[in-house]
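Chemist: coords below, sequence missing:
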């Protein structure tokens, strides 16, 4: 069968032939992969820059939508085991890491949506505490894929108000689910957050925007800031006086911040929730074309990139 595999961290994945997937044991299931998403964490792992990258050769992919070879039932699979990858034609995995899906789900759209949704789901369920009822969420980088679906995840998890922040006013205006939006200006310090009162900040940008928000947002009640992504520069200096003068709790949300057993338990709750959300727009590419598509930056404007064996 064919898989995508990295043999040199600097070269990206190759489409190669390997032995067929092993037959499943009683505690395993064999899936014929229908769609597998190219998430940011997948790129990071495939470049050797992620804590879970493991050693070479590296098999690409962490999740997929596939059909049980034996029964034809549709499943979502998520597994970050070293040397395991979902960019393959067939995979054999423990039954504990697969989740049954309605047969009406679009495999491509679902494969492109679950991982982005997981970022905000884990941030809100595992990295916040004692949120009030109908809490308010401020999303930095709201027009990114993860930011878009975070709007709906937050509402699902009890948010009463969601405010989006991004540079693209036209895109913000078209987003469903936002109660308000703020257009990020240049320079960032011209963006006015002084009237914003919120309980949680979900940050997919970081950098100067994060510092400006933490410095100027209207603190009328405790604020919980959660760093999830880095679309801006990676470092910012937070003055100690800021931390002493404002009721702010700063946390990060990612693989190192949340134990894997907890992540697996939350995925069980997340998957059925995502089946009820508006899924992200996704663009499918044959797995055999991965070497070219991996480097094609023009595909980023077509929605989430999903590979189909």
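Modeler: Arrived safely. Remember, predicted model here, so these are calculated numbers, not experimental data.

Chemist: Leaving out the residues flanking it, which one is nearest to residue 186?
Modeler: Leaving aside its sequence neighbours, residue 186 sits nearest to residue 167 (C-beta to C-beta, 6 or more residues apart in numbering; 7.9 Å). All C-beta atoms are positioned from the backbone trio N, CA, C, and that covers glycine.

Chemist: The longest helix belonging to the chain - contacts with which helices or strands?
Modeler: Scanning the chain for the helix with the most residues, using DSSP state H, yields helix 107-126. Here helix 107-126 touches strand 28-37, strand 63-68, strand 74-78, helix 145-156, strand 200-203, helix 260-274, strand 282-286, strand 304-308, going by 3 or more C-beta pairs under 8 Å, 6 or more residues apart in numbering; DSSP states H and E.

Chemist: make it 7 Å
Modeler: Other elements packing on helix 107-126 under the criterion 3 or more C-beta pairs under 7 Å, 6 or more residues apart in numbering; DSSP states H and E are strand 28-37, strand 63-68, helix 145-156, helix 260-274, strand 282-286, strand 304-308.

Chemist: Relative to residue 214, which of the ones you listed is closest?
Modeler: For residue 214, the closest of the helices and strands packed on helix 107-126 is helix 145-156, at 18.0 Å, according to C-beta to C-beta.

Chemist: Next, format the helices and strands packed on helix 107-126 as TSV and append distance to residue 179, mean pLDDT and mean neighbour count.
Modeler: Formatted as TSV, the helices and strands packed on helix 107-126 follow (distance: least, C-beta to C-beta, whole Å; pLDDT from 0 to 100; neighbours: other C-beta atoms under 10 Å):
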stretch	distance to residue 179	mean pLDDT	mean neighbour count
strand 28-37	28	98	23
strand 63-68	31	98	24
helix 145-156	9	97	24
helix 260-274	20	94	15
strand 282-286	26	95	17
strand 304-308	25	95	23
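
Chemist: Any idea which of these gets closest to residue 124?
Modeler: Nearest to residue 124, of all the helices and strands packed on helix 107-126, is helix 145-156, at 6.4 Å by C-beta to C-beta.

Chemist: I'd like to check the angle between the closest one and strand 304-308, please.
Modeler: Interaxial angle of helix 145-156 relative to strand 304-308 (axes from the mean of the first three to the mean of the last three C-alpha atoms, to 10 degrees): 100 degrees.

Chemist: Reformat the helices and strands packed on helix 107-126 into JSON lines and put distance to residue 176 next to each item.
Modeler: JSON lines is the format used below for these (distance: least, C-beta to C-beta, whole Å):
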{"stretch": "strand 28-37", "distance to residue 176": "22"}
{"stretch": "strand 63-68", "distance to residue 176": "24"}
{"stretch": "helix 145-156", "distance to residue 176": "8"}
{"stretch": "helix 260-274", "distance to residue 176": "16"}
{"stretch": "strand 282-286", "distance to residue 176": "17"}
{"stretch": "strand 304-308", "distance to residue 176": "17"}
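
Chemist: of the ones you listed, which approaches residue 227 most closely?
Modeler: That would be helix 145-156 among those, by C-beta to C-beta, at 12.7 Å.

Chemist: Show me what residue 94 bridges to in the sheet.
Modeler: Here residue 94 sits in beta bridges with residue 28, going by DSSP bridges.

Chemist: That should have said residue 64, apologies.
Modeler: With DSSP bridges as the rule, residue 64 is bridged to residue 77.

Chemist: these two touch, right, it and residue 86?
Modeler: Yes. Between residue 64 and residue 86 there is a contact at 3.9 Å, judged by C-beta atoms under 7 Å.

Chemist: okay, and the common contacts of the two?
Modeler: Residues within reach of residue 64 and of residue 86 at once, by C-beta atoms under 7 Å, 6 or more residues apart in numbering, are 33, 36, 77.

Chemist: before we move on, back to that, with respect to residue 224, which of the helices and strands packed on helix 107-126 lies nearest?
Modeler: Among these, helix 145-156 comes nearest to residue 224, with 12.8 Å by C-beta to C-beta.

Chemist: which non-adjacent residue is nearest residue 288?
Modeler: Leaving aside its sequence neighbours, residue 288 sits nearest to residue 15 (C-beta to C-beta, 6+ apart; 5.4 Å).

Chemist: who does that neighbour bridge with?
Modeler: Counting by DSSP bridges, the residues bridging with residue 15 are residue 4.

Chemist: my guess is it meets residue 2, correct?
Modeler: Yes. Applying C-beta under 7 Å as the test, residue 15 and residue 2 come out as touching, 6.1 Å apart.
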